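# show me the folded form of this:
(one chain, ligands or ions: 1)
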Amino acid sequence: MTGLIVVLNGGSSSLKFSIYQMTGETDLELSIKGQMEGIGTAPRFIAKDRDGKVLGERQWADASSADRVFLFGYLAGWATGQIKDSEVVGAGHRVVHGGTDFSAPALIDNALMSAVEKLVPLAPLHLPHNLAYIKAAQSMNPELPQVACFDTAFHRGHPEVAERFALPEELYGAGVRRYGFHGLSYEYIAQELQRVAPEIAEGRVVVAHLGSGASMCAIKGGRSIDSTMGFSALDGLPMGTRCGALDPAVPLYLIAEKGYDVPALERLFYHDSGMLGLSGVSNDMRDLEASEDPRAKLALDYFVYRINRELGALAAAMGGLDAVVFTAGIGERSPETRARVCADAGWLGLHLDEAANQAGGPRISTAESAVSAWVIPTDEEKMIALHTQRLLRGL
Ligand code: ADP
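Predicted structure coming up:
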């Protein structure tokens, strides 16, 4: 099987894309990776080859001359010029929410689109953008097979106690339950464990996906059994600008006493909280690590403290712990965060190898450590491409 697979990961202000060359029945090679950022404000486009060489770059001075449809058209035109004689045989999309219906990636057809449209109220800030890019790609090439890869799918099959809130049953039936997110990243890591660390791949592993969005997942025998994110991608760990776990009485109080409405709460919990809210300095770990401001130190302390609380909780959910895996921007590139988390996890029998940690792993625990620690880079786009390739083979 040959040809190209295009992967699209469309958010509210960015569109990440990758183009993979199929090199066999199950093998893929990255050809081009890039993104549009600042959509809606000051759009910027950059694309690189697999070695990081810049292939294309462009900026637009203002948003009015470059809306989402225009930018998608620009990207498609640019990519068509790059790939020359090769044929695009399929497209894979990251779709943030698959509700209870989708426990695996699926070929996109009208029925799937209607089912996903119904899920928009569960992820109103993200799903409409995912759907818009699917429709844009469909209108550009109606015959192209397209695949939806759901960020919740890997978590379907959690035990009921992990999926429930202690709310009346009719709300559970109405979809008020803990879904879990970052599933494509965790699925990729679970797959990579078979290759990088087969000795723990079937064991009890906590994966910490620490990026601008952050969550942790308990993976037992290669399957997700619980996650720190729940009904939405707000729950669990504090993130760049998202608050993480919060007592539900807080929004009640803000509504009753402080005049907050839904848009104001949304702004507070998604954009003004987390590391930015705590520090008042930045949402970016690099700025916080470099800052002398005591509030930046508090934000870092809080981040590590909450990671360790969740680590203990997820280890308890699995009845023990064999390994911890760090991944995503902070997990892969902040030895300081990893060292602090591992130091606090000494009680679990985790002992850091400082030199290996500074070198970036993959194994960063000592040989004697009862619980091993690892750094494994995630690749959600590759996971999407692999799923797309698999579904194309079945056509
Ligand atoms: P996204 O969730 O947007 O895909 P990433 O996984 O790329 O995010 O993670 C982005 C975050 O990673 C940044 O906000 C920054 O805090 C952090 N980061 C990136 N590089 C470093 C670094 N060298 N040291 C510490 N933190 C880093």
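
# where does the chain have low pLDDT?
Counting by pLDDT under 70, the chain shows low-confidence ranges at 1, 63-65.

# so in it, which strand runs the longest?
strand 28-37 (DSSP state E).

# what's in contact with that one?
4-5, 13-23, 43-50, 55-56, 71, 75, 79, 82-83, 381-382, 385-386, 389 (CB atoms under 8 Å, 6 or more residues apart in numbering). From N, CA and C alone the C-beta is placed, and that goes for glycine too.

# which of the residues you listed are buried?
4-5, 14-22, 43, 45, 47-48, 56, 71, 75, 79, 381-382, 385-386, 389 (16 or more other CB atoms under 10 Å).

# and the residue of the chain found nearest the ligand, how close does it get to residue 380?
Distances between the chain and the ligand by CB to the nearest ligand atom are smallest at residue 329, namely 2.0 Å. From residue 329 over to residue 380 the distance is 12 Å, taken as CB to CB, to the nearest Å.

# next: residue 134.
In terms of CB to CB, residue 134 sits 17 Å off from residue 380.

# residue 360 reaches residue 335, doesn't it?
Yes: between residue 360 and residue 335 there is a contact under CB atoms under 8 Å: 7.4 Å.

# the more surrounded of those two?
Shown here are residue 360 and residue 335; by other CB atoms under 10 Å, residue 335 has more neighbours (19 against 14).

# thought that one was touching residue 361?
No: using CB under 8 Å, residue 335 is not in contact with residue 361; the gap is 9.6 Å.

# what ranges does the stretch 1-150 of the chain have for its helices?
For the stretch 1-150 of the chain, applying DSSP state H, counting those that start in this stretch gives helices covering 68-83, 110-117, 127-140.

# okay, the last one in CSV with CA atoms only?
By that I understand helix 127-140. Taking Å, rounded to 0.1, in the frame of the first residue of the first chain, the C-alpha atoms of helix 127-140 are listed here in CSV:
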residue,chain,number,x,y,z
LEU,A,127,-15.7,19.9,18.5
PRO,A,128,-17.1,22.6,16.2
HIS,A,129,-13.5,23.3,15.0
ASN,A,130,-12.8,19.6,14.4
LEU,A,131,-16.1,19.3,12.4
ALA,A,132,-15.3,22.4,10.4
TYR,A,133,-12.0,21.0,9.2
ILE,A,134,-13.6,17.7,8.3
LYS,A,135,-16.2,19.5,6.2
ALA,A,136,-13.6,21.7,4.6
ALA,A,137,-11.6,18.6,3.5
GLN,A,138,-14.8,16.9,2.3
SER,A,139,-15.8,19.9,0.1
MET,A,140,-12.3,20.0,-1.3
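
# check which helices and strands that helix sits against.
In terms of contacts (3 or more CB pairs under 8 Å, 6 or more residues apart in numbering; DSSP states H and E), helix 127-140 is packed against strand 4-10, helix 68-83, strand 88-95, helix 110-117, strand 146-150.
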